[in-house]
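Engineer: Give me coordinates for this.
(one chain, ligands or ions: 1)
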Amino acid sequence: MFDLQDQVAIVTGGAAGIGRGIVSSLREAGATVVIADLNLEAAQKTAEELGADAMLADVTSRDSIRALYRDVVKRYGRIDIVCSNAGVFPNCPLEDMTDEQWDAMFAINTHGTFTVVQEALPYMKKAGYGRIVITTSITGSHTGYPGWAHYGASKAAQQGFMRSAALEVARDGITINGVLPGNILTEGLEDQGQDYLDQMSRSVPMHRLGSPRDIGNAAAFLASREAGYITGQTLIIDGGQILPESPEAILPPYEA
Ligand code: NAP
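Structural biologist: This is a model prediction of the structure:
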C-alpha cells in the first residue's frame, strides 16, 4: 500500500497485541522495524516471526529510551518512524484506587509517551523528517468505563500532549498523530475476561472486536510519506462503537 522500504521504525510494546499488529503492517510496507519492549523474550520471538529486530526498552525510564535510540541509530543510521504504543489498562474501582495505582498508570501511558516522543525529536529534527504515531484510545476522550478513571485520564492526556507537541515540530517535517482503538482482541484485552469481551462485541455495530492489524494498517498510513500533511489528528478505529445514540441503534446481525 505504502512504500516504507528505506524507513527505520521503532514500535514500543511491539512484542504483543496492537504493537505486534503495527509491526506487521510496517514490515509489510517494507520498513526496517525495531520492537522495543519490556519483555525481551517475547519481543525476540515476535521479531523472528515478522522479520523485525528486538531491543529491550522500558518506556518509564528515560535512560532506557535514550539507550534504545542510540543503539538503533548505531545499527541502522536513522530513525524515521516512532510508534509510541506501550501501555497498560488494569481495572480498578475509583473508591479503591490508590495514589500508587494512579501514578503507575500515568508513568507508563502518559509520561512514557512524553519521553518516547521527546527523545526522538533531536534525531528527527536533524533529518528534517519524522512520523510519530501514538496509540491512544477511545476511552477517556470519547467514552468512559467503570474502573478506568485513571486509564481514561491517561489516554485523554496523551491526546492533549499530542496536539501541542505537533504544533511545536510542524516546521520540522515531523508529524505527530494518534490512533484511537476501540476494543481490539489482544492478550491485554483478554485479561478483562470473557464477559467483558462478549459485552463489547455486542456494543460494536460491526458485531466483532477489532484485530491488531486493523490498528496496524491505520498506523502505517499515518507513518507514511503520503500522510505528510496530516498532523495533530486522531483516527478512531472502533467498528463504529462510539456512534450509536442508544443500544437500539445497533442493528442485529444478519441471520446466517
Ligand atoms: P498488550 O497486549 O498488553 O501488549 C502491550 C505490550 O507492551 C506488551 O508486550 C508489554 O510487555 C509491553 N509493555 C508494557 N509496559 C511496558 C513498558 N513500560 N515499556 C515497554 N513495553 C511495555 O496491550 P495492547 O492491548 O496491545 O495495548 C497496546 C496499546 O493499545 C496500549 O497503549 C493500550 O492502552 C492501547 N489500547 C488497547 C486497546 C485494546 O482493545 N486492546 C484499546 C484501546 C487502546 P509485558 O508483556 O512485559 O507487559
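Engineer: what comes up buried for the longest helix anywhere in the chain?
Structural biologist: In the chain, assigned by DSSP state H, the helix with the most residues is helix 149-169. For helix 149-169, burial by neighbour count (16 or more other Cβ atoms under 10 Å) applies to 149-159, 161-162, 165-166, 169. No exception for glycine: its C-beta is placed from N, CA and C like everyone else's.
Engineer: likewise stretch 54-69?
Structural biologist: Buried-residue list, stretch 54-69, by 16+ other Cβ under 10 Å: 54-60, 64-65, 68-69.
Engineer: next one: that stretch to chain centre, how far?
Structural biologist: With Cα atoms, centre = their mean, to the nearest Å as the basis, stretch 54-69 stands 16 Å off its chain's centre.
Engineer: Just the CA coordinates for it, please, in CSV.
Structural biologist: Below are the C-alpha coordinates for stretch 54-69, written out as CSV (Å, rounded to 0.1, in the frame of the first residue of the first chain):
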residue,chain,number,x,y,z
ALA,A,54,14.2,-6.6,19.0
MET,A,55,15.6,-4.5,21.8
LEU,A,56,14.9,-4.2,25.5
ALA,A,57,13.3,-0.9,26.5
ASP,A,58,11.2,0.4,29.4
VAL,A,59,9.2,3.5,28.5
THR,A,60,9.1,4.6,32.1
SER,A,61,12.9,5.0,32.0
ARG,A,62,14.5,8.0,30.2
ASP,A,63,17.9,6.3,30.3
SER,A,64,16.4,3.2,28.6
ILE,A,65,14.8,5.2,25.8
ARG,A,66,18.0,7.2,25.2
ALA,A,67,20.0,4.0,25.0
LEU,A,68,17.4,2.5,22.7
TYR,A,69,17.6,5.4,20.2
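Engineer: Among the buried residues of helix 149-169, which one lies nearest to the ligand?
Structural biologist: Ranked by distance to the ligand (Cβ to the nearest ligand atom), the buried residues of helix 149-169 are led by K155 at 6.3 Å.
Engineer: So what does Q241 look like in phi/psi?
Structural biologist: The phi and psi values for Q241, taken as degrees, to the nearest 10, are phi -60, psi -40.
Engineer: Show me where the stretch 101-250 of the chain has its helices.
Structural biologist: If DSSP state H, counting those that start in this stretch is used as the criterion, the helices of the stretch 101-250 of the chain fall at 112-127, 149-169, 187-190, 194-203, 212-222.
Engineer: What is the distance between the fourth one and the centre of its chain?
Structural biologist: With Cα atoms, centre = their mean as the basis, the distance from the averaged C-alpha position of helix 194-203 to the chain average is 22 Å.
Engineer: So which elements touch that helix?
Structural biologist: Helices and strands touching helix 194-203, as assessed by 3 or more Cβ pairs under 8 Å, 6 or more residues apart in numbering; DSSP states H and E, comprise helix 187-190.
Engineer: which strands and helices sit next to the helix it packs on?
Structural biologist: Packing partners of helix 187-190 (3+ Cβ pairs under 8 Å, 6+ apart): helix 17-28, helix 194-203.
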